[in-house]
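> Mind folding the following:
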Amino acid sequence: MYLKITRVKDKKTNVKREYLRIAETYREKGKWKQRIIAHLGRVDLIPKEQLLNISRKLAKIAGEEVYTESDLEAKSSLYFGPILILRKIWDDLRLGEIIREECKIKEVAERIFVIVCSRLLQPESEHGLSYFLKEYYVWDDRGRRWEPEFKEDLAERSKKGDRVKVEWRKLQRWYRALDKLIENKERIELRIYERVKDLFSLKVDIVFYDITSTYFEGKGPKELAKFGYSRDGKKDKLQILLGIVMANGFPIAHHVFAGNTADKETLEFVVKDLKERFEINNIILVADKGINTVENTKKLEELGYKYILGVSLRNSKEAKGILERIKELKWEEYDKTTRYAFVEVGEGGKIERWILVDSLERKGYERRLREAWMERGARELQELKERVKSGKLKDERKIAYYLGSRARKNHIKRYFDWEIRGGGFRFWVSEEKLEFEERCEGKYLLRTTEEGLTVKEIIREYKNLWEIESCFREIKDVIKIRPIYHQREERAKAHIFTCVLAYLVEEVLERRVRSSGMKMTAQDVLEFLKGIKVVEIEAGGKRIKLISQEIDRVAREVLGIFGLKIQRSFEEGKISNFIDKEYVQRSLFD
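Numbers count the residues shown, from 1 in each chain. This is a model prediction of the structure:
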């Protein structure tokens, strides 16, 4: 049975009219035929409401609903595509499962997922998470959407500059999740390491370690927040140090130290952790010159670890000795713009290879830096000289203090000498210092106990330290680890842990996309996927969630890479059935 519209010519007016009829098909003598079983009248004469009633009744028989334009009301339009991909990676890495099992509280894992998504898409503190949830459709493992929770008097508080946007009791739930996360950090981190190692068949024989700093807004926790050497140029801010251990480009462990800790003092704790917690026994540790001390090399040797360490050309006696003999060294080609020379140091069972690398590209860059620093330094020293000459600055101790406070700025000490005498001040370029600096330009020095790698391989591995630098840049500039607002030690550490987790998810996303041949960053991918939205419509007292159908080619390709195929709509609470079952079977890591 079906509705049929037929066009019949009116004999009087010779005009064709449309008639609505109910017809059915039947079989007679082996042939299919049709017959009209009811005439409903001329279409243009049937009242609109009657037509709608007919369609509604027919739809009801079929188990469907019919809505008119006046029945529909759009309630929201939320970003969905980025969360879909991030949830896929989160689940395939089993991050939620690991956190849930170690913290013993199911909700913790779900709340940490929300925080990680926020860090990658719209970095906010826990106070501002509701702004993120207002823009994105984020769901828990039962398919329920996380709703934004604002204070009732938000508008009034915003006028006063109040940063707290959520009721305290609701904010506390997010804080409790952070507390539980950091309480179980060591076991969670270890299990994530094992999972990543299995998924990507990592052979952890070389690990990279480096340190950076990040600062606090406010006083920060007393135990951690200290003044120290700031990599962010925030000398007036209290800070902490963050040390990250990476293997094959993945962060496998991170450690937080007080802001006034010297880089070299962090290594012993880190290598003991690798030995005892991770049971990594035979590795080569690659690190920059900040941790290269006699004590640290002894500790590495005690643990049975080999190393490739950067050496300061300016502060090492051995380095200065090698630079003085530079003309005697035998140089070999690394590539068209880089050469190297090495010297074996030591005797018996302990032999170190000291490798001097000379890069033309690096030399040009460092020369330009040196010229700029010398120009700015000379200008600053000349201003000081004029202040002394005019009598504005007379006391020799004040002149010395002024110099001391600016000596590191523009590396003035590297290039200039000066004299303070009889209330006067003069300065000049030191030919000896300048000659040494020109000799250093373009060069870096490595020391290693590793004998199983060629010199070229040692240089290549040291260059791979840029992966940690890239990680630090991403965590600071995209994931927005800074500034830290938390005033409690454990909360500050938990905030850092969520940033490291966000970086891990982002790294997996980018690798998977690039391995498919697409030349896109993770942030590019997430931006393209914003075109996939959940549009919530209210119709006849029901809420319907529809997926935007205008999905561009790039977004569709990305979904294909991750084995995802979007359906037209879904019901809240049943989002696990939203993704086509056939596609879900494809592993993220095939």
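
> wait, is residue 546 part of a strand?
Yes - checked against DSSP: H, G, I helix; E, B strand; the rest coil, residue 546 lies within a strand.

> Now do the SS call for the nearest residue to residue 43 once chain neighbours are set aside.
Closest residue in space to residue 43, ignoring its immediate chain neighbours: residue 18 at 4.3 Å, by C-beta to C-beta, 6 or more residues apart in numbering. Just so you know, the C-beta spots here come from the backbone N, C-alpha and C atoms, and that holds for glycine as well. Following three-state DSSP, the label given to residue 18 is strand.

> Surely residue 18 touches residue 41?
No - taking contacts as C-beta atoms under 8 Å, residue 18 lies outside contact range of residue 41: 10.3 Å.

> Spell out the residue ranges of the strands in the stretch 401-550 of the chain.
For the stretch 401-550 of the chain, the strands defined by DSSP state E, counting those that start in this stretch occupy 416-421, 424-429, 443-448, 533-539, 542-547.

> OK, contacts around the residue nearest to residue 43?
5-7, 42-44 (C-beta atoms under 8 Å, 6 or more residues apart in numbering).

> of those residues, closest to residue 467?
Nearest to residue 467 among the contacts of residue 18: residue 5, at 67.4 Å, using C-beta to C-beta.

> how much space is there between the closest one and residue 330?
Using C-beta to C-beta, to the nearest Å, residue 5 is found at 94 Å from residue 330.

> One more: residue 491?
With distances taken as C-beta to C-beta, residue 491 is found 56 Å from residue 330.

> between the two, which one's more packed in?
The residue with more neighbours, out of residue 491 and residue 330, is residue 491; 18 against 8, by other C-beta atoms under 10 Å.

> and the closest residue to that one other than its chain neighbours, how many residues sit next to it?
Nearest residue to residue 491, sequence neighbours excluded (C-beta to C-beta, 6+ apart): residue 178, at 5.7 Å. Neighbours of residue 178 under the rule other C-beta under 10 Å: 24.

> can you give me how far the strand or helix carrying residue 178 is from the chain middle?
Following DSSP states H and E, one finds residue 178 within helix 168-183. How far helix 168-183 lies from its chain's middle: 22 Å, per C-alpha atoms, centre = their mean, to the nearest Å.

> Same check on stretch 245-262?
That offset, for stretch 245-262, works out to 15 Å (C-alpha atoms, centre = their mean).

> Next, the contact list for residue 285, please.
For residue 285, the contact set (C-beta under 8 Å, 6+ apart) comprises 207-209, 271, 300, 305-308.

> quick one, phi psi at it?
The phi and psi values for residue 285, taken as degrees, to the nearest 10, are phi -100, psi 130.

> Could you give the bridge partners of it?
residue 207, residue 307 (DSSP bridges).

> do you know how far it is from residue 23?
Counting by C-beta to C-beta, the gap from residue 285 to residue 23 is 82 Å.

> how about the helix ranked longest in the chain: buried residues?
Scanning the chain for the helix with the most residues, using DSSP state H, yields helix 360-390. Residues 362-363, 366, 370, 373-374, 377-378, 380-381, 384-385, 388 are the ones in helix 360-390 that count as buried (16 or more other C-beta atoms under 10 Å).

> could the residues you listed go into TSV alongside pLDDT and distance to residue 526?
As requested, those are exported to TSV (pLDDT from 0 to 100; distance: C-beta to C-beta, whole Å):
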residue	pLDDT	distance to residue 526
362	92	34
363	94	39
366	94	36
370	94	40
373	93	39
374	94	44
377	92	44
378	94	47
380	90	44
381	92	49
384	90	50
385	91	54
388	90	57
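
> Relative to residue 192, which of those residues is nearest.
Top of the list for closeness to residue 192, among the buried residues of helix 360-390 and by C-beta to C-beta, is residue 362 at 35.8 Å.

> so the closest one sits right up against residue 463, yeah?
No - using C-beta under 8 Å, residue 362 is not in contact with residue 463; the gap is 11.0 Å.

> what residue ranges in the stretch 351-500 of the chain score low on pLDDT?
For the stretch 351-500 of the chain, no stretch has pLDDT under 70.
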